[in-house]
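Visitor: No letters, just coordinates:
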């Protein structure tokens, strides 16, 4: 196994604002694993509030590169366990390498991952398209520029109900909202019934990730399903969220890859919870990995390539929210 990597700072089409702040570019790490001439690719975007910048991923990879390369690769799940112990404090880097391992495995087997797992891509849900926080005029402009069957609207700031109400006047599309932990319990109890009246179908991470007492009350009283995001990072968090959230939003980068994400989906199903996978503004590399898991999900948010001005690979496409798969093996991508 040989490992190499490139870092990118991918520009957004529009400045991307959530309740935590604004960014104009998405820093990301792309890794390449070469296994006897078969190349696999994986991605990990850097998210400021998780304190794992691209520089840390690169430094950790460089410090243990020889160990990454000396593993005798046979299947990606064994490789993930090895990487998980090699980089116990860097789930982002583990995710990128795990993804690349799965890409190689699919190429060895000459199948896309969803075919290896016997999944039916006709069961994949539609992906939403995210409208970041902005002036109401700008949010309407973004929505009209991208007619779509489902919009995910970022909320968690002053005047957010007015923003959703304004959008609703101009679309019959399904709406979801993501507060990114931006509300207090009192605000959530007041706002969620108003959002229900506006035809919103779910609310993502309404309260701070450690506000379990508040979430218990909200879980019992909310007229809309509430999904955990910041409160559900790793595998062990799925069980913690049971009885506090109706569903979970899994992020491949945060949980450390495809391998643990599959186990998280299975655990959530055992607990009768809804499952979504969300993006962290990945390019087509990370987005293709989400697409492979899509038939297992109730909802999916994989619009990273639609929000970015540049891409690093050709892979999954979109047709009015429908995921369009390629005929390439592994993740189903071709690097530019």
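Guide: Noted; the coordinates are in hand. Keep in mind the model is a prediction, meaning the values are calculated, not measured. Residues are numbered from 1 along each chain as shown.
Visitor: other SSEs contacting the helix or strand where residue 276 lies?
Guide: Of the helices and strands defined by DSSP states H and E, residue 276 is found in strand 274-278. Using 3 or more Cβ pairs under 8 Å, 6 or more residues apart in numbering; DSSP states H and E as the contact definition, the elements that strand 274-278 packs against are strand 247-251, helix 258-270, strand 299-301. Where C-beta positions appear, they are placed from N, C-alpha and C, glycine not excepted.
Visitor: got the angle for it vs helix 258-270?
Guide: With axes from the mean of the first three to the mean of the last three Cα atoms, to 10 degrees applied, the angle from strand 274-278 to helix 258-270 works out at 150 degrees.
Visitor: continuing past strand 274-278, what's the next helix or strand?
Guide: Using DSSP H and E, the next helix or strand after strand 274-278 towards the C-terminus is helix 284-293.
Visitor: I'd like the mean pLDDT over the longest strand along the chain, please.
Guide: Selection of the longest strand in the chain by residue count, based on DSSP state E, yields strand 2-18. Model confidence over strand 2-18 averages 97 on the pLDDT scale.
Visitor: elements contacting the next helix-or-strand element following it?
Guide: Per DSSP H and E, the first helix or strand lying C-terminal to strand 2-18 is strand 21-35. Contacting strand 21-35 under the criterion 3+ Cβ pairs under 8 Å, 6+ apart are the following elements: strand 2-18, strand 38-45, helix 54-63, helix 91-109.
Visitor: what's downstream of the last one, the next helix or strand?
Guide: The one in question is helix 91-109. If you walk from helix 91-109 toward the C-terminus, the next helix or strand you reach (DSSP H and E) is helix 113-116.
Visitor: What is that following helix packed up against?
Guide: Helix 113-116 is packed against helix 91-109, helix 284-293, with contacts defined by 3+ Cβ pairs under 8 Å, 6+ apart.
Visitor: hang on, the earlier thing: could the helices and strands packed on strand 21-35 go into CSV alongside mean neighbour count and distance to residue 154?
Guide: CSV is the format used below for the helices and strands packed on strand 21-35 (neighbours: other Cβ atoms under 10 Å; distance: least, Cβ to Cβ, whole Å):
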stretch, mean neighbour count, distance to residue 154
strand 2-18, 16, 5
strand 38-45, 25, 17
helix 54-63, 16, 24
helix 91-109, 27, 22
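Visitor: closest to residue 302 out of those?
Guide: Each of the helices and strands packed on strand 21-35 was scored for nearness to residue 302 using Cβ to Cβ, and the closest is strand 38-45 (12.5 Å).
Visitor: so where do the helices sit in the stretch 51-200 of the chain?
Guide: Taking DSSP state H, counting those that start in this stretch to define them, one finds helices in the stretch 51-200 of the chain at 54-63, 65-70, 76-86, 91-109, 113-116, 136-145, 160-168, 185-197.
Visitor: quick one, which of those is nearest to residue 282?
Guide: Comparison of the helices of the stretch 51-200 of the chain against residue 282 by Cβ to Cβ identifies helix 91-109 as nearest, at 9.8 Å.
Visitor: okay if I get the helices and strands packed on helix 113-116 as JSON lines plus mean pLDDT and distance to residue 205?
Guide: Below are the helices and strands packed on helix 113-116 laid out as JSON lines (pLDDT from 0 to 100; distance: least, Cβ to Cβ, whole Å):
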{"stretch": "helix 91-109", "mean pLDDT": "98", "distance to residue 205": "18"}
{"stretch": "helix 284-293", "mean pLDDT": "98", "distance to residue 205": "18"}
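Visitor: now those helices as a markdown table including distance to residue 56?
Guide: A markdown table is the format used below for the helices and strands packed on helix 113-116 (distance: least, Cβ to Cβ, whole Å):
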| stretch | distance to residue 56 |
| --- | --- |
| helix 91-109 | 8 |
| helix 284-293 | 18 |
